[in-house]
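Colleague: let me see the structure of the following:
(one chain, ligands or ions: 2)
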Amino acid sequence: MQTVLVTGGAGFIGSHMCDRLIRDKFRVICMDNLVTGKKENIRHLLGNKNFVYMEHDVTKPICVEEKLDHVLHLASLASPVDYRRHPIKTIKVGTLGTHNAVGLAKSNGAKFLFASTSEVYGDPEVNPQPESYWGNVNPVGIRSCYDESKRCSEALTMAYQRVHGMDTKIVRIFNTYGPRMRVNDGRVVPVFITQALDGRPLTVFGDGKQTRSFCYIDDLIEGMRRFMDTKYDHPVNLGNPSERTVLELADLVLDLTKSESKKVFKPLPEDDPKRRCPDISLANRLLKWKPKTSLRDGLAATIEYFRDPLRKS
Ligand code: NAD
Ligand code: UDP
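Modeller: Residues are numbered from 1 along each chain as shown. Ligands and ions are numbered 1, 2, ... in the order given. The predicted structure follows:
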């Protein structure tokens, strides 16, 4: 049985990854400091003999007494609202945290997978974005704490691969949504769904014509899981290539929730990317992967999750 450390394992993506790894018969050590994660997301795994939860801040030295075969480094502030509120924590987890996580993988001779982001492309001048695009990032803007620390983590990952011959992987995740996102997460999908369910206006930023491409969590997890088993050592985009405007998303949420809510327009946050869409031809070739879940079906499943009154606390 192989042992995997999942940092950020009590978060949205991390907890789904823990579920998948347990299902695939790995021993899973889930590490989180709960800054944005929730114990609730992994409570159902706590009784499993192959699952261990460790509350720990990965920016501090990491000590795990078991031999590790894989380190999946997902810990990070991830929502623009969260990282604007905690810019220093965000930079620390994407620099010191990554250094600690990759160092731990090295000392165990373990494979290292880093959860990067489409934000490394910034406000892209190329659409869709292939992995070969170097990006258009404002290094001193309000999103730079996230974008630049993710870019630094990618550079660190590649340096450890080149200097120490480590088996490393970088996955560039595009906007992913689904059950277990937090109600007050600030990202557009949970925001619109909770506003629609509560009968409050949907807050569309700017004119709503900016685009995103929304990937359902199950599709992302399948892609990441396949990537773990490859020898490929350069970044791979994972996301859904169906590009939508924010206005289209708002209308779809209103339709699916049958909500009477109106849309209100609010100022566009600084440096909000105008377009974002993954070129997934590499993932398609390498992993024989493409997303299967339509936005309508994925949103319907996510809406069901948020209908539970317990999610509001
Ligand atoms: P999330 O906020 O739900 O999960 C992140 C987890 O990391 C949380 O549980 C949080 O408590 C934990 N964490 C943060 N700092 C930590 C620290 N110093 N020590 C230990 N744990 C810490 O967000 P998510 O959407 O699940 O994101 C997971 C990863 O995927 C992040 O690295 C994020 O940057 C990346 N990502 C997500 C998306 C997306 O659309 N969801 C897109 C691109 C990249
Ligand atoms: N957005 C919006 N209203 C909200 C929250 C977000 O219109 O209440 C927009 C935001 O300006 C961006 C898009 O939705 O253009 C996606 O935002 P999110 O915070 O989910 O993630 P991002 O892709 O910007 O990292």
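Colleague: go ahead and confirm Gln195 touches Val189.
Modeller: No: using Cβ atoms under 8 Å, Gln195 is not in contact with Val189; the gap is 11.0 Å. (Each C-beta comes from the backbone N, C-alpha and C, glycine too.)
Colleague: three-state assignment of Thr203?
Modeller: Using DSSP: H, G, I helix; E, B strand; the rest coil, the secondary structure recorded for Thr203 is strand.
Colleague: list the beta-bridge partners for it.
Modeller: Beta-bridge pairing of Thr203, defined through DSSP bridges, involves Val264.
Colleague: swap in Ile29?
Modeller: With DSSP bridges as the rule, Ile29 is bridged to Leu5, Val52.
Colleague: count the residues that sit near it.
Modeller: Residues lying near Ile29 (other Cβ atoms under 10 Å) number 22.
Colleague: can you count the residues close to Leu310?
Modeller: Leu310: 6 neighbours (other Cβ under 10 Å).
Colleague: so what's the one residue in the stretch 201-313 of the chain that gets nearest to ligand 2 up against?
Modeller: Closest residue of the stretch 201-313 of the chain to ligand 2, Cβ to the nearest ligand atom: Phe205 (3.5 Å). Going by Cβ atoms under 8 Å, 6 or more residues apart in numbering, Phe205 touches 246, 265-269, 272.
Colleague: need the pLDDT of it.
Modeller: At Phe205, the model reports a pLDDT of 98.
Colleague: returning to that earlier point: just the buried ones among the contacts of Phe205, please.
Modeller: Val246 (16 or more other Cβ atoms under 10 Å).
Colleague: can you give me the helices for the stretch 51-200 of the chain?
Modeller: Applying DSSP state H, counting those that start in this stretch to the stretch 51-200 of the chain gives helices spanning 80-85, 87-92, 98-108, 144-164, 188-198.
Colleague: tell me the secondary structure at the closest residue to His56 other than its chain neighbours.
Modeller: Nearest non-adjacent residue to His56, counting by Cβ to Cβ, 6 or more residues apart in numbering: Met31, 5.2 Å away. Following three-state DSSP, we place Met31 in the strand state.
Colleague: sorry, back to before: a markdown table for the helices of the stretch 51-200 of the chain, including mean neighbour count, mean pLDDT and distance to Val126?
Modeller: What follows is these, written out as a markdown table (neighbours: other Cβ atoms under 10 Å; pLDDT from 0 to 100; distance: least, Cβ to Cβ, whole Å):
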| stretch | mean neighbour count | mean pLDDT | distance to Val126 |
| --- | --- | --- | --- |
| helix 80-85 | 18 | 93 | 22 |
| helix 87-92 | 18 | 98 | 26 |
| helix 98-108 | 21 | 98 | 26 |
| helix 144-164 | 19 | 98 | 16 |
| helix 188-198 | 22 | 96 | 23 |
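Colleague: output the lowest mean pLDDT helix or strand found in the protein.
Modeller: helix 80-85 (a mean of 93; mean pLDDT, DSSP states H and E).
Colleague: give me the contacts around that one.
Modeller: 36, 77, 90, 142-143, 145-146, 185-187, 269.
Colleague: kindly report the same for stretch 7-19.
Modeller: With Cβ under 8 Å, 6+ apart as the test, stretch 7-19 has contacts from 6, 28-32, 34, 36-39, 41-42, 45, 51, 53, 58, 71-76, 78, 97, 101, 115, 173, 176, 178, 180-182, 185, 217-218, 220-221, 224-225.
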